[in-house]
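Peer 1: requesting a structural model of the entry that follows:
(chains A and B)
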Amino acid sequence: MAEPDALGDRLGRLDPQELHNLETLRRRLEGSALTPRAVGEVLPEAIALGDGADGRLAGPMVGVTERAIERSVGEDPERLSTALFPIIGAAIRKAMDKLVADMMQTVNAGLERALSFKRLSWRFESWRTGVPFLEIVMRETLLYRVEHVFLMHRESGILLREASIPGTGSADSDMVASMLGAVRDYIKDSLSLRKGEAVEAIKAGEYSLLIEDGPLASLAVAVRGTADPGLGNLMRETLEGVHLKFGGALRRFSGDVEPFAAADPALARCLAVREKREAGAKPVYAIVAVSALALAAAATLAWGIVAARDRRGFEEALDAEPGIVVARSARRAGRTELRLLRDPRARTVEAVAEEHGIDLSRYAVDAEAFLSPAFGDAPAAATVLAERTVPAELLDLAKRLHSLSFLFEQDSGELRTGQEGKVREAGDLVSEIVAKAEAYGWSAAIEAVGHAAGATQDESATRVSEERARKAYELFVALNAPLAGYVRPRGAGVLEPVMATEATEQDRELNRSVTFEATFR
Amino acid sequence: MIKKKLCLLGPLGVGKTSLIRRYVLHVYSEEYLCTVGVKVDKKTVRLANGMDVVLMIWDMEGQGDIGAFAETYLRGLSGYFLVADGTRPTTLSTALSIGTAMREMFPAARSSLLFNKADLGDAWALPDDAAVSFLSTGNPVFRTSALDGRGVEDAFLDIAGRMASGSDG
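Peer 2: So this is what the prediction gives:
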């Protein structure tokens, strides 16, 4: 064995390549000690090599992977389900699409056997065009329009983004979204629904609210009409896309809604419209077939058609009448029930019926008073809606209140200077109206109605009129807090102008305003 | 734009709804409190640094403790007011016990204690040291009046600033 000095001499004589080889050898020997660091460095490469040739590594990994998933679910099921949510949704939908397609085949066969006048025409169209019968049935019956879309933070219910069809604005969206969450929780608690169950739809009149929940966000749409399954799919796809794109932002959400602005295009796609085809666009063949079937019908059916035509004619005549709107029409027990909105300044229903030779005994007419823009000027609501019954003193007070017009800057919710004194005057009048109405046995309700100048009722006109109404309302409440419950703000846009025509700049100034309108019940 | 959920908690009759009526734009009628048990209002606050904070203010039916119903509505809040009636000492102990439960459930949330009805000076019944135990939690106490407005705006502005500055979810 060489002495250390002798070994040093020999090493000193080695050339650089031999020294490098020795260093490499030393590192390998150290690596053979299997430290975690050494294993960590080679593990990815080793797994790739081990699985590359014949896939032997997959076998031993199965048990480990299963136990890891089992443990993850045991510790926190939410974590894995949240991670898999975007994938699971798509997979389930694919399977459901196939199921629904199969089901459609079955239902189609059943419907083919059903006979009715309307269905016969649809069957004819199916035969003529080659389109499946059920698809035609759905196309003819499922008509809807999505008017509002809300994207909400799941936990807090805070509105992240929204999309609306212009001109369909309603109450404040932030409050609508939060109250929707509260009402859903209320129903869920009241019905003792289990975890994972939720209120997915709320129906009111011709509107439906459809709600889809994801782990971190919820999507709600307000639909007018009857939605089809395609809308549900669209909502689920949109929500999954939001989770994929904004998963991190949703988990870290602390009130900042700006990062979600990029979701706007996806929300806008949910503003789907499904409308019935124009009658004139129907193929000639279909019209001929329907006509032929109609001719073959019994005399009683013919009589029914004539009666129906009379009804339609009468409804169209009422609708065409200035100040009358047909809100609803239904046939019940041989009578036609008509629900109308009628401005007291419009002609009477009896007069319209007489002109068209209609026997009113076959109708049940229910008319609700309203103010129609068809009559130009917009006097205080009370004077029109109840001029025969409301005591004259109340009408006088309502007129004085209406005459206090609060003027605003152009395209702005800012009050023009010098208007503040009117706020206190309005407070005194409202206070007097409320007290005197009560003394007369009436209840008073006051609206702070925001107006906008111009002729087009678009989104900006609605918005600025709502801003003005809110501003006037806030000023009013700041000085007259006890009266807050009697007044509510409403934006009318250009629909209820103070000045019917805007011939001068002064007219336009008067239409950039808020008026207080009193109604009595 | 920052949006924050703020809840008003306290026993029946301490003036929670009046405080909101004094301060915010409301759309939903107060009947919602009797039917659904909750009413949501909204107020946009501009902080001293120019930042706008939208407060979604949840007014809840008066309660003696945090019941199962209220717990559902509290989810996702960033802050809360505990409201007591300065003329009724029993309401303070109820508000403080709600506060203790709330700090366990939402340790990161901001809070304030409001002694309401400060306009009723003659009937004031709280001892001088009434605020001591709550102040020790590091949160402020305000004397407010829904009638004359004193302290109300200050209390909302203060909690809006603290909610906006913290990442309290």
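
Peer 1: hey, where'd the strands end up in the stretch 201-350 of chain A?
Peer 2: For the stretch 201-350 of chain A, the strands defined by DSSP state E, counting those that start in this stretch occupy A:201-204, A:207-213, A:217-225, A:273-274, A:324-332, A:335-342.

Peer 1: ranking those strands by mean pLDDT, which is last?
Peer 2: Lowest mean pLDDT of those: strand A:273-274, a mean of 64.

Peer 1: for chain B, which segments count as helices?
Peer 2: Secondary structure of chain B (DSSP state H): helices located at B:16-23, B:31-35, B:68-74, B:89-105, B:132-135, B:152-165.

Peer 1: out of these, which is closest to chain A?
Peer 2: Smallest distance to chain A across those (Cβ to the nearest Cβ): 4.4 Å, for helix B:68-74. Just so you know, the C-beta spots here come from the backbone N, C-alpha and C atoms, and that holds for glycine as well.

Peer 1: look up how far A:E517 lies from the nearest residue to A:A327 once chain neighbours are set aside.
Peer 2: Leaving aside its sequence neighbours, A:A327 sits nearest to A:R339 (Cβ to Cβ, 6 or more residues apart in numbering or on different chains; 4.7 Å). A:R339 sits 24 Å away from A:E517, going by Cβ to Cβ, to the nearest Å.

Peer 1: more crowded one of those two?
Peer 2: Between A:R339 and A:E517, A:E517 has the larger neighbour count (other Cβ atoms under 10 Å in any protein chain shown), namely 23 against 15.

Peer 1: any idea which element that one lies in?
Peer 2: strand A:513-520 (DSSP states H and E).

Peer 1: just name the shakiest helix or strand of the chain by mean pLDDT.
Peer 2: All of this refers to chain A. Scoring the helices and strands of chain A by mean pLDDT, DSSP states H and E places helix A:381-385 at the bottom, with a mean of 46.

Peer 1: wait, chain B was what I had in mind.
Peer 2: Here the helix or strand of chain B ranked lowest by mean pLDDT, DSSP H and E is helix B:31-35, holding a mean of 62.

Peer 1: and the residue nearest to A:A327, what does it touch?
Peer 2: A:R339 is in contact with A:V326, A:A327, A:R328, A:S329, A:D366, A:E368, counting by Cβ atoms under 8 Å, 6 or more residues apart in numbering or on different chains.

Peer 1: pretty sure the fourth one is touching A:L338, no?
Peer 2: The reference is to A:S329. Yes - taking Cβ atoms under 8 Å as the definition, A:S329 is a contact partner of A:L338 at 5.6 Å.

Peer 1: which neighbours do those two have in common?
Peer 2: Listed as contacting both A:S329 and A:L338 by Cβ under 8 Å, 6+ apart are A:E315.

Peer 1: neighbour-wise, which of those two wins?
Peer 2: Per other Cβ under 10 Å, whichever of A:S329 and A:L338 has more neighbours is A:L338, with 21 against 16.

Peer 1: which residues does stretch A:236-248 contact?
Peer 2: So stretch A:236-248 is contacted by A:82, A:85-86, A:89-90, A:93, A:151, A:212, A:214-219, A:250, A:259-260, A:262-263, A:266-267, A:269-270 (Cβ under 8 Å, 6+ apart).

Peer 1: report the buried members of those residues.
Peer 2: For those, a neighbour count by 16 or more other Cβ atoms under 10 Å in any protein chain shown gives the buried set as A:82, A:85-86, A:89, A:93, A:151, A:212, A:214-219, A:250, A:260, A:263, A:266-267, A:270.

Peer 1: from these, which land in helices?
Peer 2: Checked against DSSP H, these include these in helices: A:T82, A:F85, A:P86, A:G89, A:R93, A:L250, A:A266, A:L267.
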